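J.: What follows is a protein structure lacking sequence information:
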């Protein structure tokens, strides 16, 4: 089955004035199957937001290919306030894609339909963004993304800027929309916990590269790459017993700069398992067999036989 | 709300292109629905409201009131110039023309020129500023150096020289008398658009980085649509404030020009040439200088206060000054 | 409790006069912090938690005003203090670390100078050289490598995590007794967050600090607090020991929060809390949570439920707390 999105060897370098080249994305390959959610998880500087913008065509790649076999890609942005034009009403915002696509006649029927799909009522249609709550604004953003019936929706940290109790509402909405409309999602996040609830597969990015990629359950149960392990360990769990009992991995040092990545493995400066070899070659993203999914590490943690 | 520190796409963009990014808060965008709030704030700004009332009164006086005043050209050569009296509130001049009436008619010309300049230079400044700020790169460099050049030009000497050319022949478009109010309006507009261009460029630079512009791109909006429908409407407050400043500037420049003899020529009255005629006789006929001068001063002051009030009303973070 | 509380907030009320009306941001909040204790104040936006922290520090600006209640440090009432006395307390007895390190640091001054300023402001007798030496020590203490060189850096040359460490160094410079941390790690990456929280814990242990941690992150609370205070719509709805509250939450909001938070150790489905927080410029009738509450009944509209003690130190403001 052909994936709906296939990204191969994607590279994006930014020329920084006087400071050399920022390796925002440095050789990323992944695929999204129809109807599934692939989450790309990373911290700031990982390049995950750049990947999102490359897939959308907002940025053009330095090299690499992006093959999309669906009809349309749309995007939901992180900041529900900043991604809506403050001078437009909610219905105008949702209608705009239709207007631009010269389907003005569809607006009358489609816009209320979209509002209903995302859980907003007709009373919200005439409101301006500042008159809506964060969760409602994000729903407007989702409705806008769905207006042209996309096959793939790229979501760039869609719940990070929302209150905790609202995050769950939006995550549930996204899951429901996915099954109802047979959507595929590329879900960008920094929060592993969120990703666990919505993604089928997860790819972990670090400094422009994917370091591990696996089915969600497998990644959480047996993370092989030390960075993934550190991320999981650092994610706070709202359970005091668990927090007390868990083994905390606290990384040393700072994230290396994207315009001056370390030689060899880019994680080695903070890695507790780093050895000489790690400074030489760069580990490729391959499945060494014992692990069961692709990892970019010379010394991945192999799951102990059950 | 969580803002990722060092969000790499933003940082990379900032590093790859010339900075000059203003934080989103620097351009306060007013949602269309917030106009009521802005209006309310404006109404509470007493100084600005007074200024607005004064300006409305000025305009009414100059256009409507002028009908009721004695003719500005009616001369009684037998009578000497007289000071303010009940029949001539502003006195009469050396040709015994009613000064109040001349001031009012002069006001029509000066105000027309000023508002005309404001509109034309705003259009020019907005187009240039928006293009420069949105497209950046070489176009920005070119347009901004061009703008710098225009701003640096000494307005008065240039205008003086150009106006003295007199009438120019525009071929199929007819002739243009550069000393006429229309001619002066055109010339002043060409000279005063620079500050608006700079301001709009700054605002555009900031706004184009906002996520809603990205969002518009993803739904297929063309650059033109983004500039016209998304960026410019969000600059509206900023543009309005700067346009009022241009009005004030235009009044002053036109007045000075006419005063020096290079602007509006008699017999068409303007506030400036009224002063030109009278300044020699300041001691004897003080009213011929003081009244026009006072009117100019108060009008420009009022326009500036209006601009202040607009700015305060549109800035959501400022506490409203009573 | 053996010792008297170090910091006490007593029935605090804070109002904001805005164009849209008067917003009651904090409506009768009382809490106490004992020496060496870590208390977390949890809430979402609009809960009033940050305003409470600012009120304690005396950093409220108009249109915000303390309209009732008291804040006491060592029994001494703070709000009536004149500005210069409050300034002496700020930074010396009570220190605060903010959410966004970039805006809390002056971008035009080197970080070493800013830390040194934190010292000399409270002790002008310290020489510049001595203050600078101490600044280097402090930066080392908060885990900044090559502190002697980094002292000369400007804030924009440091990463988010390092800036937060600098802020922490400034806060700890005068060995305060109370540290108020307002969402200190929200703007940071998760691995950096872990580092900073660990630093907070170790500093607390070294200096015997009391920490008032304001956050929306329940995971952070679970791992780094002794007691938790849950705020909603300007009031406290539940408080108690962290184990108690997480194991058996007694207020529907707390229960709702715990059920709706995505967790990395997985739970299955998320149950969101329907609706949205109330508009605080409107007068609220009855319990502020009742429109979103699965357990709401007619009696919830009668009056705002008082905070009632259910077990040792565990209180909840819900008329049905014992049943649910």
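T.: Looks like it came in fine. Worth saying up front: this structure is predicted, and the values here are computed from it rather than measured.

J.: going forward, measure contacts between C-alpha atoms and count neighbours the same way
T.: Will do.

J.: so residue C:211 touches residue C:180, yeah?
T.: Yes. Shown here, residue C:211 and residue C:180 form a contact pair, counting by C-alpha atoms under 8 Å, at 5.9 Å.

J.: neighbour-wise, which of these two wins?
T.: Residue environment comparison for residue C:211 versus residue C:180 gives the larger neighbour count to residue C:211, 28 against 23, counting by other C-alpha atoms under 10 Å in any protein chain shown.

J.: doesn't that one fall inside a strand?
T.: Yes. With the criterion set as DSSP: H, G, I helix; E, B strand; the rest coil, the secondary structure at residue C:211 is a strand.

J.: Tell me the bridge partners for it.
T.: residue C:38, residue C:179 (DSSP bridges).

J.: What score does it have for pLDDT?
T.: In this model, residue C:211 is scored at 94, pLDDT.

J.: do the same with residue B:109
T.: In the prediction, the pLDDT value recorded for residue B:109 is 88.

J.: Surely it and residue B:273 touch.
T.: No. The criterion here is C-alpha under 8 Å, and residue B:109 misses it with residue B:273 at 11.1 Å.

J.: Quick check on those two: which one has the bigger neighbour count.
T.: Of the pair residue B:109 and residue B:273, residue B:273 is the one with more neighbours under other C-alpha under 10 Å, namely 27 against 20.

J.: And the contacts of the helix or strand that contains the more buried one?
T.: Taking DSSP states H and E as the criterion, residue B:273 maps to helix B:271-278. Contacts of helix B:271-278 from elsewhere in the structure, counted by C-alpha atoms under 8 Å, 6 or more residues apart in numbering or on different chains, are B:102-103, B:106-107, B:110, B:254-261, B:263-266, B:285, B:288-289, B:292-293, B:296.

J.: rerun that using 6 Å as the cut-off
T.: Where contact means C-alpha atoms under 6 Å, 6 or more residues apart in numbering or on different chains, the residues beyond helix B:271-278 that reach it are B:106, B:255, B:258-259, B:288-289.

J.: For that helix, buried residues please.
T.: By neighbour count with 16 or more other C-alpha atoms under 10 Å in any protein chain shown, helix B:271-278 contains the buried residues B:271-278.

J.: which residues touch residue B:302?
T.: For residue B:302, the set of contacting residues under the criterion of C-alpha under 6 Å, 6+ apart consists of residue B:51.

J.: In which helix or strand does it reside?
T.: helix B:287-314.

J.: and the angle for that helix with helix B:271-278?
T.: Taking axes from the mean of the first three to the mean of the last three C-alpha atoms, to 10 degrees, one finds that helix B:287-314 is oriented at 150 degrees with respect to helix B:271-278.

J.: mind checking how far residue C:250 is from residue C:45?
T.: Counting by C-alpha to C-alpha, to the nearest Å, the gap between residue C:250 and residue C:45 amounts to 21 Å.

J.: okay, now the residue in the stretch 101-250 of chain A that chain B sits nearest to: neighbour count?
T.: Distances between the stretch 101-250 of chain A and chain B by C-alpha to the nearest C-alpha are smallest at residue A:161, namely 5.0 Å. Here the neighbour count serves as a burial measure; for residue A:161 (other C-alpha under 10 Å) it reads 20.

J.: Check residue A:33 too.
T.: Counted with other C-alpha under 10 Å, residues neighbouring residue A:33 total 16.

J.: so how far is residue B:230 from it?
T.: Note on residue A:33: its distance to residue B:230, by C-alpha to C-alpha, is 35 Å.

J.: Same check on residue C:144?
T.: If you measure residue C:144 against residue B:230 using C-alpha to C-alpha, the figure is 44 Å.

J.: name the element the closest residue to chain A within the stretch 101-250 of chain B belongs to?
T.: Chain A sits closest to residue B:212 of the stretch 101-250 of chain B, with a gap of 3.9 Å, by C-alpha to the nearest C-alpha. Here residue B:212, judged by DSSP H and E, is contained in helix B:211-218.

J.: What average pLDDT does that helix get?
T.: 90.

J.: Any buried residues in it, and which?
T.: By neighbour count with 16+ other C-alpha under 10 Å, helix B:211-218 contains the buried residues B:211-218.

J.: who's in contact with stretch A:117-128?
T.: By C-alpha under 6 Å, 6+ apart, the list of residues contacting stretch A:117-128 from outside reads A:89-91, A:139.

J.: which is the next helix or strand following the helix or strand of chain C with the lowest mean pLDDT?
T.: For chain C, scoring each helix and strand by mean pLDDT, DSSP states H and E identifies helix C:101-104 as the least confident one, at a mean of 80. Downstream of helix C:101-104, the first helix or strand assigned by DSSP H and E is helix C:111-122.

J.: And that next one, what does it pack against?
T.: Contacts defined by 3 or more C-alpha pairs under 6 Å, 6 or more residues apart in numbering or on different chains; DSSP states H and E place helix C:111-122 against helix C:128-141.

J.: buried ones in stretch A:219-227?
T.: A:219-220, A:222-227.

J.: Show me these that map onto helices.
T.: Among those, the residues falling in helices (DSSP state H) are A:219-220, A:226-227.

J.: Out of these, which is nearest to residue C:23?
T.: Out of these, the one with the shortest distance to residue C:23 is residue A:220. That distance is 43.9 Å, counting by C-alpha to C-alpha.

J.: if I look at the residue lying farthest from the centre of chain A, how far off is residue A:98?
T.: With distances taken as C-alpha atoms, centre = their mean, the residue sitting farthest from the centre of chain A turns out to be residue A:105, at 34.2 Å. Using C-alpha to C-alpha, residue A:105 is found at 9 Å from residue A:98.
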